[in-house]
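Asks: how does the following fold in three dimensions:
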Amino acid sequence: MTTLRDDLPRFLKELRPAPVGEALVPLGGQLLEELPQDPGFWLHYADACRERDDFWEAQRAVEEASRLIDEARNDDSPNPILDPVLDYLYWRKLQLEGELLKVLARGNPALQGHLVEVLRRLAALSYADICRTLEGVEGLEGDPSAPSLDTGNRWWRHAARVHHHSKRQARSGIEYQPDLLVIQDLATALMGAGRFQEAQQLFSRPPFTTFVPGNTRAERDLAWFPTLLGWLSPFLQHPLKNLTPFGAVGPRYVIGMVVWGEAFLDSLEQFPLPSLLAPGNLPYLQSVGDVRFLLFTTESGAERLGRMRALQEIRTFATVDIVTFPGTLTATKDTYKLMSSMHLAAMAVAKTAQSHFLFLAPDIILADNFLQVIDQRMQSGAEVVFVPGVMLQLETFRQEQAQCFPPVGGVISIPPKELLALGLRHLHPFVKQAYVYSPVNRRPSASVLMWPLKHEGDYLVHGFHHTPYLVSAQAMQRYDESLFFTIDGEFLLKIIRSKEELDACHLLTDLRETNYFELSKGNRFDFPIEFDMTRLCQWGLLQGPVATWLVRQKVRIASFSEDPQDPALKASTEVVEEILREMESLESKDVKLAHASTFPG
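Replies: Numbering: from 1, shown residues only. Now for the predicted structure:
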């Protein structure tokens, strides 16, 4: 069995023609000469492994760097820059460890506390102070390349790199950005642990209190945090405070939706609201329980909602509460964090009210029996009901839908088989990146993998992620009201924590029963990366046991019955088995980080 150290020369040889990220560029060919005594090298190697999605190898490299840093601190040789350089390397080691744990904790919530402690130690240090210490060291000023990178003293080289990098930051006006980014990461980690008041307190002391927001995205997002926490923390303390009282009879259903921006408000008015009025959706749900429709939006969004005729019709079948949040929050590019924060608020309402929770998005269209089918699955014993979905191209779908199934009296009522056939004619170009046989398959993280079936336009799907559209009141009581990254990923491990709870989940596998489709403009952008089975499996294992259970399930997105002789059946089984074998192999070396593809038992 090769060791990490044995693999380094091979790794660098393969990597040098095409470096992964900027982290390796400053090291060049000197890395091979200096290994394995330089902790800075190990940190660069860890960063490269992280960018290649090999988080386990990266973690081991960080541990090796930590050992070498400790050894260097015990070195009694006189060296004027040793202490500040080791302080920097320790700071960088904690930063990398935090970056790794941010990803790893998504598939293992038990790591969230460790992430918080690592970031607390990092926040107690000061990158700016380390840089100031190096400013007074003779030999680092003057010629921007001095001391030259070919000097034999690795500590001087590290000092020069840090010094010159900090000078560039100062000239760019982002001198303190690293320290501020640590606050942002720590605040996010505390929110992920449900410790919102602690997160809020971070912004009441330096360096944030002396921070003046600049024009970089990181600085704008950091200034955004106090506003979010100032709204979210009080809401979570009293979720029902400003809402219409719930009814006293029958099961309760909370439908949560987050929407802002004219494009999504337009979509909401055209598709989800009219399709919710179909007989098997809100009218059915009203017949079995007390329905609450929670819409989280900005003040301008609330004004627009107030003018929507379809929303007035929905009030016939559900109590509608519009909850507003500050419009300045939408300035962030981290829209997932904002959406997840509002979904968290909606779920806090459901949990406090001991209600079932339904998740809906503003850019979908539902079959006319969608809510009825998923509710009946829950009534049959399912605690979480998943429904697979596919993205359609909005422009072409809208045109045919308006011709074939126009709204009648403000209601869009399309039976599931007809909606399925219609949707399959308008798949988004983005979806083709998920085709296993497609030459443009460029997805490193396979939320879904698709196999074309014999009948043109039909598909077989296996996916690590499917949306949990209905969560029972019983499962909601297990939710710890902490922030999550996505509702179809990290959130699931907060409510499904054992084999027994996983056995109580249900995935709809034949979309002829009911379905929904996401609608997106044809010019939607994504970051394509070449398909790689190993990276896919690394990513899959990080998603946790629920994702592994989901990817085993065969889903038919097809208008016609299955042909037992269809070669896609055998091909899909072979690929999924290969994925599961590779994940099991990865799991065998993941003892310390404890990621698992299955729950015990």
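Asks: who's in contact with whichever strand or helix holds Lys494?
Replies: Counting by DSSP states H and E, the element that carries Lys494 is helix 492-495. Contact with helix 492-495 is made by 107-109, 384, 468, 471, 475-476, 478-480, 482, 484, 501, 544-547, as judged by CB atoms under 8 Å, 6 or more residues apart in numbering. All C-beta spots, glycine's among them, are computed from the backbone N, C-alpha and C.
Asks: mean confidence for that helix?
Replies: Throughout helix 492-495, pLDDT has a mean value of 94.
Asks: and for stretch 354-374?
Replies: Computed over stretch 354-374, the mean pLDDT rounds to 97.
Asks: can you give me the buried ones in that stretch?
Replies: For stretch 354-374, burial by neighbour count (16 or more other CB atoms under 10 Å) applies to 355-374.
Asks: using CSV, write down the CA coordinates of that stretch.
Replies: Output of stretch 354-374 as CSV, limited to C-alpha atoms (Å, rounded to 0.1, in the frame of the first residue of the first chain):
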residue,chain,number,x,y,z
GLN,A,354,-46.6,20.7,14.8
SER,A,355,-47.4,20.8,11.1
HIS,A,356,-46.4,18.8,8.0
PHE,A,357,-44.1,20.9,5.8
LEU,A,358,-44.3,21.2,2.0
PHE,A,359,-41.5,22.8,0.0
LEU,A,360,-42.4,24.7,-3.2
ALA,A,361,-40.3,26.8,-5.5
PRO,A,362,-41.6,29.8,-7.6
ASP,A,363,-40.3,28.4,-10.9
ILE,A,364,-42.1,25.1,-11.2
ILE,A,365,-45.4,23.8,-12.6
LEU,A,366,-47.3,21.0,-10.9
ALA,A,367,-49.5,18.2,-12.3
ASP,A,368,-53.1,18.5,-11.3
ASN,A,369,-52.8,15.8,-8.6
PHE,A,370,-49.4,16.5,-7.2
LEU,A,371,-50.3,17.4,-3.6
GLN,A,372,-52.9,14.6,-3.4
VAL,A,373,-50.4,11.9,-4.4
ILE,A,374,-47.6,13.0,-2.1
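Asks: so how far is it from its chain's centroid?
Replies: 22 Å (CA atoms, centre = their mean, to the nearest Å).
Asks: again, but for stretch 388-407
Replies: 28 Å.
Asks: over to stretch 105-119?
Replies: 15 Å.
Asks: quick one on the thing from earlier: among the buried residues of stretch 354-374, which ones are in strands?
Replies: Among those, DSSP state E puts 356-359, 364-366 in strands.
Asks: pick the one among the residues you listed closest to His44.
Replies: Phe359 (41.2 Å; CB to CB).
Asks: which ones are touching the closest one?
Replies: Applying CB under 8 Å, 6+ apart, the residues contacting Phe359 are 256, 343, 467-471, 487.
Asks: which residue, other than its chain neighbours, is closest to the residue most central in space within the chain?
Replies: By CA atoms, centre = their mean, the chain has its centre lying nearest to Phe485, at 4.1 Å. Nearest non-adjacent residue to Phe485, counting by CB to CB, 6 or more residues apart in numbering: Arg106, 5.7 Å away.
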